[in-house]
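**Student:** how would this look folded up:
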Amino acid sequence: MAAARQSFGLFSRNFSLLSRSAVRPLRGDVANGPGQNMPFQTKNKFRLVVTMFGAASFAFSLPFVMVVYQMRKNST
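**Tutor:** Have a look, this model is predicted:
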């Protein structure tokens, strides 16, 4: 039983070392700073306003579009 515990300990130690060495290089590639971690640009204010307005309009209109679709589907 002790040998089984020791062998699992070796596997877990090697896995732990492998996972840490695999993740470490990914941490340094991320640009830090205000606006650098967002999925859209914040430098161009007009583009930001158009993008935000478009996303909000699309999200707000979805329930109404779904209601119209359901009403047309049920009327036929």
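**Student:** Who are the contact partners of N32?
**Tutor:** With contact set as C-beta atoms under 8 Å, 6 or more residues apart in numbering, N32 has no partners. In short, each C-beta sits where N, CA and C put it, glycine included.
**Student:** so it, which of the three states?
**Tutor:** Using DSSP: H, G, I helix; E, B strand; the rest coil, the secondary structure recorded for N32 is coil.
**Student:** Please identify the helix or strand for T51.
**Tutor:** helix 45-75 (DSSP states H and E).
**Student:** Show the backbone phi and psi for Q36.
**Tutor:** Main-chain dihedrals, Q36, degrees, to the nearest 10: phi -80, psi -20.
**Student:** go on, the one 5 residues further on?
**Tutor:** Backbone torsions for Q41, taken as degrees, to the nearest 10, come to phi -80, psi 140.
**Student:** what number of residues lie near it?
**Tutor:** For Q41, the neighbour count with other C-beta atoms under 10 Å is 11.
**Student:** Check the closest residue to it other than its chain neighbours and give its pLDDT.
**Tutor:** Closest residue in space to Q41, ignoring its immediate chain neighbours: R47 at 6.2 Å, by C-beta to C-beta, 6 or more residues apart in numbering. Model confidence at R47, given as pLDDT, is 92.
**Student:** neighbours of R47, just the number please.
**Tutor:** R47: 12 neighbours (other C-beta under 10 Å).
**Student:** I'd like to know how many residues surround F64.
**Tutor:** F64: 9 neighbours (other C-beta under 10 Å).
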